[in-house]
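# predicted model and sequence follow; I will ask about them next.
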Amino acid sequence: MPYNNSTQLAVFSDAFQKLRPMEDVGLTKINMNIKNMEGGCLCGAVRYCVSGSPFATEYCHCGMCQKASGAPVVSWMDFHTNELTWTKGKSTKYKSSEYVSRGFCAECGSSLSFCDTRHPEFITLTIASLDNPNLVKPTYHIYTDSQLKWLTIDDDLKRFPKGPEKSS
Ligand SMILES: [Zn+2]
Ligand SMILES: [Zn+2]
């Protein structure tokens, strides 16, 4: 099946971010139908609204996400950039690797966004920054090579030791 619809691409969250058709790596395209979700940082200085549903959602266990968040794992959701509106304030950017820009609130430090600067048409946001994070559920794990030994997540989601790789 040809992958001619950009909504079928998955953005993966790390310095080694790659764009791949989700079916190519054995993932099912998520089917969420959520409109106009709002979120923001801890202190309220930065607020956003996303008009569409995420086209991918994932847990990232990489060491950079751990450091950036101070948490054992970060759950991310991927959108087309034109679906995102910053409705209050503006996230501050930190260039965490050659092509990666991470957005956070300069006042309270909340992790908000991730962008591969080679693909400005996609933006990744932290699920937990949503006002209602229960609306969006991660659908696979990446970088489980660096998953913390004491962290048990008992689900049957697909796991990738590093970024998603095609299983032959
Ligand atoms: Zn804040
Ligand atoms: Zn990561």
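Good, I have the coordinates. Residues are numbered from 1 along each chain as shown. Ligands and ions are numbered 1, 2, ... in the order given.

# going by C-alpha atoms from here, please, whenever you check contacts or count neighbours.
Fine.

# tell me how many other residues crowd the nearest residue to Val73 once chain neighbours are set aside.
Nearest residue to Val73 in three dimensions, chain neighbours excluded: His61, at 4.9 Å (Cα to Cα, 6 or more residues apart in numbering). Per other Cα atoms under 10 Å, the neighbour tally for His61 reads 26.

# ditto for Tyr140
By the measure other Cα under 10 Å, the count of residues near Tyr140 is 20.

# for it, grab phi and psi.
Torsion angles at Tyr140 (phi, psi; degrees, to the nearest 10) stand at phi -160, psi 170.

# hey, what's it bridged with?
Note on Tyr140: beta-bridge partners by DSSP bridges are Lys158.

# surely it and Lys162 touch.
No - the criterion here is Cα atoms under 8 Å, and Tyr140 misses it with Lys162 at 12.0 Å.

# excluding chain neighbours, what is closest to Pro120?
Thr81 (7.1 Å).

# from Ser113, how far out is that neighbour?
Thr81 sits 11 Å away from Ser113, going by Cα to Cα, to the nearest Å.

# looking at those two, which is more packed in?
It is Ser113, of Thr81 and Ser113, that has more neighbours when counted by other Cα under 10 Å, with 22 against 15.

# show me the contacts for Tyr143.
Residues in contact with Tyr143 (Cα atoms under 8 Å, 6 or more residues apart in numbering) are 60-62, 160-163.

# joint contacts of Thr81 and Ser113?
When contacts are counted by Cα under 8 Å, 6+ apart, Thr81 and Ser113 are jointly contacted by Ile123.

# coming back round to it: OK, contacts around the residue nearest to Pro120?
Counting by Cα under 8 Å, 6+ apart, Thr81 makes contact with 120-123.

# swap in Gly103?
Gly103 makes contact with 91-94, 111-114, according to Cα under 8 Å, 6+ apart.

# of those, just the buried ones, PyMOL syntax please.
To isolate the buried members of those in PyMOL, using 16 or more other Cα atoms under 10 Å:
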select buried, resi 91+92+93+111+112+113+114
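
# which stretches of the protein form strands?
Along the chain, counting by DSSP state E, strands occupy 9-11, 19-21, 37-40, 47-50, 56-60, 74-80, 84-88, 92-97, 100-104, 111-116, 122-126, 140-142, 158-159.

# quick one: name the residues of this protein near ligand 1.
Proximity of the chain to ligand 1, by Cα under 5 Å from the ion, involves residues 41-43, 45, 105, 107-108.

# what is the neighbour count of the nearest residue to Leu148 once chain neighbours are set aside?
Closest residue to Leu148 apart from its sequence neighbours, by Cα to Cα, 6+ apart: Pro72 at 6.6 Å. Neighbour count for Pro72, taken as other Cα under 10 Å: 18.
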